[in-house]
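J.: give me a 3D structure for the following:
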Amino acid sequence: MNPLSITEFADLLKANQVEILDVRPCQDCISEGFIPGAICIGLHKRFAEHVCLLFAKNTPLAIVATPGQETEAIEILTGLGYASIAGYLQGGMHAWKLACMDIDLVIDIEADELAMDLPHDDKLLMLDVRNQSEFAEGHVVAAENIPLSYFADAAHVALLPEEANLYLYSHQVNRSLTAATMLKKNGLHHVRIIHGGWLAIKEQSGIPTEKEPGILN
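T.: Just a heads-up that it's a prediction; the model follows:
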């Protein structure tokens, strides 16, 4: 393992030599913020799957982790075949913030806030980042189904309208946060994620939902 000081980490970013992978729990990334340009993929049970969806094996990576979890993250990544790992941020996000370095944020809103925004925002675009079978089982009316793998291609992301207010949801929050950080890295900043995801949305009155034709109740 290679601990990187704030200066070393910042120099790598300035030189555009690495992709930043933030593996802290999703809620920490939401509440504490993250390094601009970082992709947040928490160390949850689908961590390996989501990393492989979004990063080629030869991608140079620098890690931001909860202190004490750096070894676990790097061992998983090297086991997956990621050999170009520059190191991890020593002291984690707490050290970065203490040094008054720049941070970025993703806004998360409750399902009842979404219900209030839907009728009044003509620039609102719902993005459902679950897979097609999940989408077919139920989704917000007029939502676009864009699975997480879509966000690996900057050319695909560029097709999204810059002026849109993008509201993302997944099953709960993991995939929507990852997708939101991919969008922000690619210059789309009018992004919100729905706290609790689809599980919260389907219980909220005032949000029209539907199933794909042919799906049984």
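J.: so where's the chain uncertain?
T.: 214-217 (pLDDT under 70).
J.: if we use 50, what do you get?
T.: Nowhere does the chain drop to pLDDT under 50.
J.: hmm, who's touching the one helix or strand residue 133 maps to?
T.: Per DSSP states H and E, residue 133 falls inside helix 132-137. Residues outside helix 132-137 that contact it (CB atoms under 8 Å, 6 or more residues apart in numbering): 128, 143, 145, 147, 171, 198, 211, 212, 215. Where you see a C-beta, it was placed from the backbone N, CA and C, and this is true even at glycine.
J.: would you map the strands across this protein?
T.: Under the criterion DSSP state E, the chain contains strands at 3-4, 19-22, 39-40, 61-64, 85-89, 107-109, 124-128, 139-140, 144-145, 165-169, 191-194, 209-210.
J.: quick one: strands adjacent to the first one?
T.: Each strand paired with strand 3-4, and its direction, by DSSP bridges: strand 85-89 (parallel).
J.: neighbouring contacts of the strand it pairs with?
T.: Here strand 85-89 has contacts from 1-4, 6, 8-9, 12, 17-18, 60-65, 70, 73-74, 77-78, 95-96, using CB under 8 Å, 6+ apart.
J.: how about a cut-off of 7 Å?
T.: Residues from elsewhere that reach strand 85-89 (CB atoms under 7 Å, 6 or more residues apart in numbering): 1-4, 9, 12, 18, 60-65, 70, 74, 77-78, 95-96.
J.: stretch 151-161 now?
T.: In contact with stretch 151-161 (CB under 7 Å, 6+ apart) are residues 53, 54, 150, 166, 179, 182, 183, 186, 188.
J.: out of those residues, which is most surrounded?
T.: Highest neighbour count within those, by other CB atoms under 10 Å: residue 179, with 29 neighbours.
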